[in-house]
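Asks: Let me see the structure of the following:
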Amino acid sequence: APADDDRPFLYLKDATIPPIYIITLGLILIVSLLAVRVVAGPYDRMRPYADLFLLGVGFMLLETKSVTGFALLFGTTWVVNAIVFAGVLVAVLAAVEVTRRFRTPPLPVMYGVLFAGLLLAWLVPNAWLLSLPLPLRAVAAVTVAFLPIFAANVVFAKRFADTADATTSFGANLLGAMVGGCLEYAALVIGYKGLLIVAAVLYVGALVLLPRKKGALV
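Replies: Numbering: from 1, shown residues only. Here you go, the predicted structure:
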């Protein structure tokens, strides 16, 4: 019978993360903690940038969802993966340049755009995208996948520009990205679409932890 779940892992009998994965991810996190500590300084200095940490976690989940989504729509090839990673980098660069050159909406508004993008990605079914002709499918897939990524990077760029300690704040974000790279393996249990829910929760947390002092919400 056709598969109807969101866990395309034929080598896994149950919805679980194998022990060897957990051990490996734990070692990766330990190395990441030590490396960021050496470069960015004590962790207690990162507390004011907890929202940047969550932004890093959420971004990696969005990137993973984009890669797997494009693989489903266009095939699991190195070319498709290269295009997706290039698209992510272009989205990051575009967000930075737009933030630098133009007056962008306040952070709460950009968070709203981000949540709208996540909702769109959740609601648009893959079956509908697969039914489209290839050119239209590409346009629709790019819109669905990169709207939240672009919005998330505008949020990061605006927030990072407001930080007082660039090294420490970037260290918090980098540590979050490492945690997100490990957390994406939760898809083995909840499926790739479930990563959108986890990302949404993380971004809600980042919004809640956003400093409320004057200038932080512009």
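Asks: which SS class is the residue nearest to Thr64 when sequence neighbours are not counted?
Replies: Residue nearest to Thr64 in three dimensions, not counting chain neighbours: Glu184, with 4.2 Å by C-beta to C-beta, 6 or more residues apart in numbering. All C-beta atoms are positioned from the backbone trio N, CA, C, and that covers glycine. Counting by DSSP: H, G, I helix; E, B strand; the rest coil, the backbone at Glu184 sits in helix.
Asks: What segments of the protein are helices?
Replies: Assigned by DSSP state H, the helices in the chain fall at 19-40, 50-74, 78-101, 107-123, 126-131, 134-161, 166-183, 187-190, 194-209.
Asks: Give me the buried stretch members for the shortest one, please.
Replies: So the one you mean is helix 187-190. 187-188 (16 or more other C-beta atoms under 10 Å).
Asks: Pull out the CA atoms of it and give them to me as PDB.
Replies: Taking C-alpha atoms only, helix 187-190 is exported to PDB below (Å, rounded to 0.1, in the frame of the first residue of the first chain):
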ATOM      1  CA  ALA A 187      12.100  14.000  12.200                       C
ATOM      2  CA  LEU A 188      12.800  10.300  12.700                       C
ATOM      3  CA  VAL A 189      10.000  10.300  15.200                       C
ATOM      4  CA  ILE A 190       7.700  13.200  14.300                       C
END
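Asks: what packs against that helix?
Replies: Secondary-structure packing of helix 187-190 (3 or more C-beta pairs under 8 Å, 6 or more residues apart in numbering; DSSP states H and E): helix 194-209.
Asks: Can you give me the buried ones in the helix it packs on?
Replies: So, applying 16+ other C-beta under 10 Å, buried residues of helix 194-209: 194-196, 198-200, 202-203, 205-207, 209.
Asks: Sort out which one of these lies nearest Ala91 for me.
Replies: Ala199 (15.1 Å; C-beta to C-beta).
Asks: Look at the closest one and report its pLDDT.
Replies: Ala199 carries a pLDDT value of 95.
Asks: Val90 too?
Replies: Val90 carries a pLDDT value of 89.
Asks: And for it, the neighbour number?
Replies: Burial of Val90 is recorded as 13 neighbouring residues (other C-beta atoms under 10 Å).
Asks: now do Val124
Replies: As a burial measure, Val124 scores 16 neighbours (other C-beta under 10 Å).
Asks: ok, the spatially closest residue to it that is not a sequence neighbour to Ala86 distance?
Replies: Distance criterion C-beta to C-beta, 6+ apart; nearest residue to Val124, sequence neighbours excluded, is Val144 at 5.2 Å. Going from Val144 to Ala86 by C-beta to C-beta, to the nearest Å gives 17 Å.
Asks: Show me which of those two is the more surrounded one.
Replies: Neighbours per residue (other C-beta under 10 Å) separate Val144 from Ala86, with Val144 holding more: 20 against 10.
Asks: Now do the same for the residue positioned nearest the centre of the chain: its pLDDT.
Replies: With distances taken as C-alpha atoms, centre = their mean, the residue of the chain nearest its centroid is Phe59 (1.9 Å). Here the pLDDT value assigned to Phe59 is 94.
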